[in-house]
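# Sequence and predicted model, in that order:
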Amino acid sequence: MPTYFPSTTNTFAFNMSEPVQKAPKIHFLSALTTVAVPANLLEGAGVEVSLVSANGSLTQSMLCISHDKFSIKLSSLEKKGFFRTHPSISRSIDIGEIDRIQRGQATQQFEIAKMRKPSVVNRNLTGGSAGVKRPQSIPARAASVGDASTTALSLASTPTANSTSQWVQQLDPLTSFSLIFRGAHTVDLMAPTHALREEICDAIDRILVAYQRGKTRVASDVQLLRYIWLDVDKEKTGFITTAQVGKILHQLNYPMKPKDLASTYDKFGKVIGLDRTMRRRGLSFEQSATFLHKLKRDSWIVKPVNVIWNQLFGEVMNNGKMRTTVSDKTLLERFLHGMQGEAKMTLIDVRKLFRKLHDMEIAHTTGEKLDINRITKDQFEAYLFSEANEAFSPDKERHDIAEMEHPLSAYWINSSHNTYLVGDQYTSHSRVEMYSNALYRGCRCLELDVWDGPKSVNGSPVPIVWHGKTMTSKILFVDIIRTIKVFLNFHPDTYPIILSFENHCSIPYQEVMADALVRILGASLYIPTEASLYGRLPSPASLRGMVVIKGRRPDGTEADAYDTDDDSDDDGPTSSMGSVTMVDSEANRAKVKGFGVAPELARLTLFHGHKFLSWEASCKAPTYYMHSFSESKVRSRLRHKEANVWVVYNQSHMSRTYPAGSRVDSSNYNPLLAWSAGCQMAALNFQTPDAFLRLNDGRFRENGSCGYVLKPPSLILKDEALGDTSPNPMRLSIRALAGSCIPKPKGTRHGDCIDPYVRVALYDVKKEEKESITWYPSTAALQNGFFPIWGQEKFQFQVENWEVAMVQFTVHDKTKDEFIASSSIPISCLRRGIRSVKLYDMTNTRSGAFDFASLLVDIKLSTGRSDGGEGSTGSTAGMGTTAEV
């Protein structure tokens with residue numbers, strides 16, 4: 001494959017000899033109009049809702065859905081005296097930005113709203129305005145909103161207790177809902193009635209389903225143009241001028257000098273038959289899509305798709321004419337079988353693929369009728385960047401229900417550490433919404449640090465969750481359980497959600513915890529019988545839709561014989577930050593020994609945290625006994641050659657690992673080492689979107705993102721007597737060829753155009769049980785995020801443990817070395833050949849501008865060791881960087 005030379009300036013040479021017919025109508029623009037939406041929700045009508053602002057106040061607003069169903073619009077309704085002004089559009093959310101609709105009140109804005117002081121609320125509701133400082137302590141509010149059986153927190157000394165309680169009751173969770181968009185943003189709303197909330201949510205759900213179905217038939221660059229079209233065509237004329245085309249190109253990260261743009265625009269207008277008046281009026285959407293396509297196609301840069309096309313199929317056909325199409329048989333034999341290694345693909349499969357490509361709306365430069373059994377180069381390029389050609393194996397990504405019958409110990413389980421925190425371990429806030437965010441990110445093991453809280457008005461204990469003895473804020477235990485129940489109500493088929501309790505509560509508070517679990521979760525709570533505790537652990541399939549408790553279930557032994565569940569224990573009592581000191585583990589053990597475990601809570605518990613003494617004793621313990629280890633203990637045990645016996649232990653028992661106490665910034669550790677020992681729960685800080693959390697996202701993309709991935713056979717069937725049964729090493733070679741629709745950092749619509757480059761990293765575990773990270777950067781594509789072309793760097797890696805190893809693709813902006821997007825793929829799920837790589841934002845979502853972002857890479861995999869040794873590279877790649885821990 002020849003070297004590609006990224007351009008330093010964006011220049012083009014339109015093929016003026018090529019006839020360009022009238023741009024075909026793009027039906028995707030009207031794809032949602034047939035979705036059934038009640039007339040009262042459509043633009044021109046609309047319904048009144050209450051918008052929860054950032055400071056927790058409520059603003060009366062009007063919600064409506066645009067007639068094309070691509071936008072959700074909110075406008076404020078302000079009162080002046082007894083009169084209401086006309087609504088003014090305050091924001092519009094594109095349907096492509098919405099990740100999900102979330103019923104209930106599990107977001108930050110709702111939490112702040114429930115903390116507001118009544119006096120401030122009343123002033124706001126009567127037209128006044130007041131700033132609100134976020135409270136640092138537990139608010140005076142109902143312990144369980146919407147549940148008459150619970151009581152408000154005690155505020156006997158506060159005269160506003162009754163008004164606060166009334167305010168909280170106004171925030172009805174049965175009428176509340178949130179639009180979660182672009183990963184981490186929310187719009188939080190309350191409808192007047194439960195029925196209206198369901199009507200709104202159901203309508204938007206139907207639109208989202210239709211959108212996801214419709215976009216599979218449209219090329220990514222056309223989708224991106226639709227996404228940004230109204231940013232420039234604000235008057236909805238249906239046409240954009242030269243200046244507006246320039247704005248679109250800037251958003252696409254493909255800037256042109258005004259003089260060059262004007263010249264190119266004028267030439268294009270003449271090619272498609274527009275007279276001077278029509279050119280001044282501007283280009284239609286379809287014409288703009290064709291214009292962008294020609295910019296991309298006619299650039300002087302050597303495009304990888306052209307090279308691949310010519311090498312595979314030949315630039316000239318047998319009849320001497322230039323090759324413009326390829327047949328289904330040729331594509332099957334030379335590309336799918338020969339280059340991609342897809343031996344199972346048949347001619348029938350290819351013809352089905354061709355039908356989809358012919359149905360796909362691509363910005364063709366010609367409107368010629370095509371043979372159904374042939375595709376053009378444009379269609380071939382669309383396939384290369386499509387999900388059907390993804391580097392992540394579709395068979396591995398697909399959920400396999402047949403794999404869910406093994407005991408829980410046979411799986412890697414997506415796990416979170418200190419789930420409640422939004423930032424660092426000492427001074428950040430605790431939020432209920434973090435549990436909802438983690439669940440929707442695929443996490444199935446959540447952590448709760450539960451402590452004695454205040455007393456309610458009637459004197460009942462109120463358990464709270466926070467990082468004890470720090471300056472983090474506190475939230476209510478009952479609110480977390482209710483949030484989990486809401487998630488289960490709308491996802492009843494989810495595989496078991498494990499609640500890992502770090503229990504610091506006295507007996508009365510534990511009794512309240514047990515009562516809340518039983519009362520709120522009801523039939524969704526798994527309560528093990530004594531008989532079920534012995535023998536193999538239950539399977540995920542048998543616990544579908546259930547909540548499982550990990551905590552303490554003593555069998556009459558002394559408290560010292562079981563684990564305190566304190567994540568600081570393994571790292572000692574000396575870790576500190578300023579005047580804040582971590583919980584002393586010995587003091588905590590004494591406290592636990594003094595408190596014991598409430599029988600009401602113990603009987604609900606499946607996994608019993610047991611103190612580690614020896615592997616021999618641990619392997620003989622009942623299977624519901626489990627251990628927790630800090631990351632430093634993981635490294636220590638593996639350095640002492642305990643890997644084999646630990647793997648054997650993890651075949652029948654459970655292990656959980658967590659970050660070292662010294663990670664006060666909530667950074668993450670590399671989970672691969674724990675996974676290589678068969679540990680099921682490698683708990684990470686989900687609030688920190690670093691490279692290791694992105695590895696976790698990639699690992700659990702497997703098996704339908706259900707949160708459970710079956711461990712490889714070598715970890716399930718390992719026999720300690722057999723010694724080392726590690727998989728054979730592999731050679732991996734990767735070239736980053738091109739990109740498509742790479743957005744600006746954080747998906748912003750404004751700002752400087754990017755200079756994207758790709759960092760390719762291999763995360764592996766060597767036979768010495770050491771973590772290894774080897775990475776290479778590509779060259780930068782200057783001011784081109786629309787269709788960046790990178791050089792011919794060949795990145796070569798030696799994969800020692802391919803069953804655990806992962807490759808991570810990360811796109812950065814060279815200007816500030818700022819993260820843009822990434823994708824992590826287990827080597828066991830990686831497909832060879834010319835493949836596309838879907839890119840995800842830092843919250844692991846593909847919404848908004850990230851929905852269209854992808855890479856094109858060349859992947860080669862083979863068994864055996866590389867002749868060049870660890871980290872050998874091609875001549876233009878330079879030396880890679882390797883780090884070992």
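On my side now, so go ahead.
# Could you find the closest non-adjacent residue to residue 738?
Excluding its sequence neighbours, the residue lying closest to residue 738 (Cβ to Cβ, 6 or more residues apart in numbering) is residue 856, at 4.4 Å. C-betas here are computed from N, CA, C, even on glycine.
# Would you check that that neighbour makes contact with residue 838?
No. Residue 856 lies out of contact with residue 838 (Cβ atoms under 8 Å); the separation is 11.5 Å.
# tell me, how many neighbours does residue 419 end up with?
Neighbour count of residue 419, defined by other Cβ atoms under 10 Å: 27.
# what's the answer for residue 318, then?
Count around residue 318 with other Cβ under 10 Å applied: 7.
# Now it. Its backbone dihedrals?
Per-residue torsions, residue 318: phi -60, psi -30 (degrees, to the nearest 10).
# What score does it have for pLDDT?
With respect to pLDDT, residue 318 has a value of 83.
# what do you get for the one 5 residues further on?
As summarised for this prediction, residue 323 has a pLDDT of 93.
# try residue 864
Value for residue 864, per-residue pLDDT: 71.
# where's it relative to residue 392, distance?
Computed as Cβ to Cβ, to the nearest Å, the residue 864 to residue 392 distance reads 24 Å.
# do the same with residue 793
22 Å.
# ok so, going back, neighbour count winner among residue 864 and residue 392?
Between residue 864 and residue 392, counting by other Cβ under 10 Å, residue 392 is the more crowded of the two (22 against 10).
# Kindly list the main-chain dihedrals of the more buried one?
phi -80, psi 120.
# And the one 4 residues further on, by the same measure?
Its backbone dihedrals place residue 396 at phi -80, psi -30, with angles given as degrees, to the nearest 10.
# same question, residue 510
Taking degrees, to the nearest 10 as the convention, residue 510 sits at phi -60, psi -40.
# what's the burial count for it?
27.
# so it touches residue 597, yeah?
Yes. Counting by Cβ under 8 Å, residue 597 is a contact partner of residue 510 at 6.9 Å.
# Need the residues touching each of the two.
residue 503 (Cβ atoms under 8 Å, 6 or more residues apart in numbering).
# And stretch 436-452, how far out from the chain middle?
15 Å (Cα atoms, centre = their mean, to the nearest Å).
# In a strand, residue 356, correct?
No. Checked against DSSP: H, G, I helix; E, B strand; the rest coil, residue 356 lies outside a strand; its state is helix.
# Could you measure from it over to residue 350?
11 Å.
# what do you get for residue 283?
Following Cβ to Cβ, the distance that separates residue 283 from residue 350 is 35 Å.
# Who has more neighbours out of these two?
Legend: neighbour count by other Cβ under 10 Å for residue 283 and residue 350, higher for residue 283 (26 against 21).
# Show me the beta-bridge partners of that one.
residue 240 (DSSP bridges).
# repeat for residue 738
Going by DSSP bridges, residue 738 is paired in beta bridges with residue 789, residue 856.
# burial of it, as a residue count?
23.
# For it, report the pLDDT, please.
For residue 738, the model assigns a pLDDT of 96.
# how far away is it from residue 837?
11 Å.
# Check residue 97 too.
22 Å.
# next one: residue 250
For residue 250, the distance to residue 837 - Cβ to Cβ - is 25 Å.
# likewise residue 797?
For residue 797 relative to residue 837 (Cβ to Cβ), the value is 16 Å.
# Repeat that for residue 178.
31 Å.
# These two: which has the busier surroundings?
residue 837 (27 against 24).
# Just the element for residue 295, please.
helix 285-298 (DSSP states H and E).
# on contacts alone, who are the packing partners of that helix?
helix 220-232, helix 242-251, helix 258-271 (3 or more Cβ pairs under 8 Å, 6 or more residues apart in numbering; DSSP states H and E).
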